[in-house]
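[1] let me see the structure of the following:
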Amino acid sequence: MPDVLTFYSNKFRKLRIDRARGNPAPHKPLLLLAVIDLIEQGTIKSNKIEPSPLIVESFLKYWNLLSLEKPRIYLPFYHLKSDKFWHLHTKNGQTIYPFKSMSQLASVITFANLDEDLFLLLHNPQAREVLRQTIIETYFPDKAELFRAAINENQQINALENLLIETAEQNISTKQIPETPQRSAAFRGVIMKLYDYTCAACRLRILTLDGATAVDAAHIVPFSVSHDDGIGNGLALCKLHHWAFDNGLISIDDKFCLLVSTAFEESGNEAFLLRRLKSQTIFLPKQKPFRPSLTMIRWHRQNQYMS
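    Here you go, the predicted structure:
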C-alpha cells in the first residue's frame, strides 16, 4: 500500500488545474474531497461516480466555505480526465466534449470511475485520510482548520444518520441522542434518501442537478412537541403538502391512506387540489422499520387534523 499511496498522493499534489487567475482553481480538489466523503459514507459503493445531485450536494458543502462565484461542478467532472486516474463513460458511445452545465454533462456521461487501485485505497480509512489531508494542505492551507471542521461535521452527520437507521431497525427511542444541528441535518438526510426525494402525498419528485429539491423532511409530531428526530416521526413532503400537513388539512390513517379535511375551501387547477388526494396510499419506504410510526400519525390525527 505505501507505494500506491505515495503514487496517488503525488498525483493529488500535481493536479492539472487552471492558474490563470493567480491562485489554483479549486474545482478539482473540491470534487475529489466530495468523492472521498461519499465513499466514506458508503453512498458510493461501486467504482461508478454518477453526475448526480448527491455529489453536487457534497461538492457544495466545500465550495460554500470559499465564498466564490457560482459553482460549476461540471468543469472538474469533465476536466479531471486529464489527470489520468479519472475516466469518463458515455451513453451509447457519445462524443465527450467540454460541457456548459451539469444537466448537459449528465445527458452524455453515465459515470466516471477511478483507477481501481485508487478506488480500493479510498476504502482504507488511514489511506483515505492521508489523501484527504494531502488535498487540503496542497490547495487550501490557509483554510485547513475550516475544512477539517467541515469534514468533522460531515462525519458526525453520517454517524448520526447510521444511528437513526439503527434505532429505527431496533424500534428504540432517539431521545438518548443529543439534540444538535448535526442531528437535525442527519434527520433531513436520512428521510430524503429513504423517500428518494419524493413527496409521500403526491409523489412529486423534483431534484435538480444543482442539488435543489422541492421536498422537505417533515416531522409528523412537530419537533417542538416531540423533540424526536426518529425516522418513524418523519415524512418527505413537497412544500404544498408539508404546509397542508402541518396545518391539519391532510393526515394519514392506520393503513397509510391520506385523509383530507372538509374544513377548508379550495379552487384552481384540479391537479393541485388537496381533495383529489383523499384515500390515496402514501409513498412509503420499502422497508417496514423505516415507515411512519402509527403512534405518531395517530397523534397527528388527534391533535393536528381538522376532520
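[2] all contacts plus neighbour counts: C-alpha atoms, from now on.
    OK.
[3] tabulate the CA atom coordinates of stretch 230-243 in CSV.
    What follows is stretch 230-243, C-alpha atoms only, in CSV (Å, rounded to 0.1, in the frame of the first residue of the first chain):
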residue,chain,number,x,y,z
GLY,A,230,-36.5,9.4,14.7
ILE,A,231,-37.3,8.0,11.2
GLY,A,232,-40.8,7.0,12.4
ASN,A,233,-41.5,10.6,13.0
GLY,A,234,-40.5,11.7,9.5
LEU,A,235,-42.1,12.1,6.1
ALA,A,236,-40.9,13.5,2.9
LEU,A,237,-43.4,16.1,1.7
CYS,A,238,-43.4,18.7,-1.0
LYS,A,239,-43.8,22.4,0.1
LEU,A,240,-47.6,22.4,-0.5
HIS,A,241,-48.3,19.2,1.3
HIS,A,242,-45.9,19.9,4.1
TRP,A,243,-47.8,23.1,4.7
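[4] that stretch - what's its average pLDDT?
    The average of the pLDDT scores along stretch 230-243 is 96.
[5] ok, stretch 146-165 next?
    Over the span of stretch 146-165, the pLDDT mean works out to 93.
[6] show residues contacting it.
    Identification of contacts with stretch 146-165 by CA atoms under 8 Å, 6 or more residues apart in numbering yields 37, 41, 61-62, 65, 136, 174, 182-183, 185-187, 189-190, 230-231, 290.
[7] list the buried residues of that stretch.
    With burial defined by 16 or more other CA atoms under 10 Å, the residues of stretch 146-165 counted as buried are 147, 151, 154-161, 163-165.
[8] dump the residues you listed to TSV, plus secondary structure and distance to residue 117.
    Shown next, in TSV, are these (DSSP: H, G, I helix; E, B strand; the rest coil; distance: CA to CA, whole Å):
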residue	secondary structure	distance to residue 117
147	helix	26
151	helix	24
154	helix	25
155	helix	24
156	helix	28
157	helix	28
158	helix	25
159	helix	27
160	helix	30
161	helix	29
163	helix	31
164	helix	33
165	helix	31
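[9] okay if I get these as TSV plus distance to residue 54?
    Output for the buried residues of stretch 146-165, formatted as TSV (distance: CA to CA, whole Å):
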residue	distance to residue 54
147	19
151	16
154	14
155	16
156	18
157	15
158	14
159	17
160	18
161	15
163	20
164	20
165	19
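[10] how near is the residue sitting nearest the centre point of the chain to residue 60?
    Residue closest to the mean C-alpha point of the chain, counted by CA atoms, centre = their mean, is residue 54 at 4.7 Å. Using CA to CA, to the nearest Å, residue 54 is found at 10 Å from residue 60.
[11] how about residue 87?
    Per CA to CA, residue 87 is found 22 Å from residue 60.
[12] also residue 97?
    Distance, residue 97 to residue 60, by CA to CA: 24 Å.
[13] ok, residue 145 next?
    For residue 145, the distance to residue 60 - CA to CA - is 18 Å.
[14] list the residues that contact the residue lying closest to residue 187 once chain neighbours are set aside.
    In space, and not counting its chain neighbours, residue 187 is closest to residue 229: 5.8 Å by CA to CA, 6 or more residues apart in numbering. With contact set as CA under 8 Å, 6+ apart, residue 229 has these partners: 174, 183, 184, 187, 219, 223.
[15] which residues touch the fourth one?
    The one in question is residue 187. For residue 187, the contact set (CA under 8 Å, 6+ apart) comprises 161, 164, 217, 229, 230, 231, 234.
[16] likewise the third one?
    Contacts of residue 184 were listed using CA under 8 Å, 6+ apart, and they are residue 229.
[17] same question for the first one.
    Neighbour list for residue 174: 164, 167, 228, 229, 230 [criterion: CA under 8 Å, 6+ apart].
[18] before we move on, what about the last one?
    Taking CA under 8 Å, 6+ apart as the contact definition, residue 223 lies against residue 229.
[19] any idea how far it is from residue 187?
    For residue 223, the distance to residue 187 equals 11 Å [CA to CA].
[20] having no further points to raise, I will conclude here.
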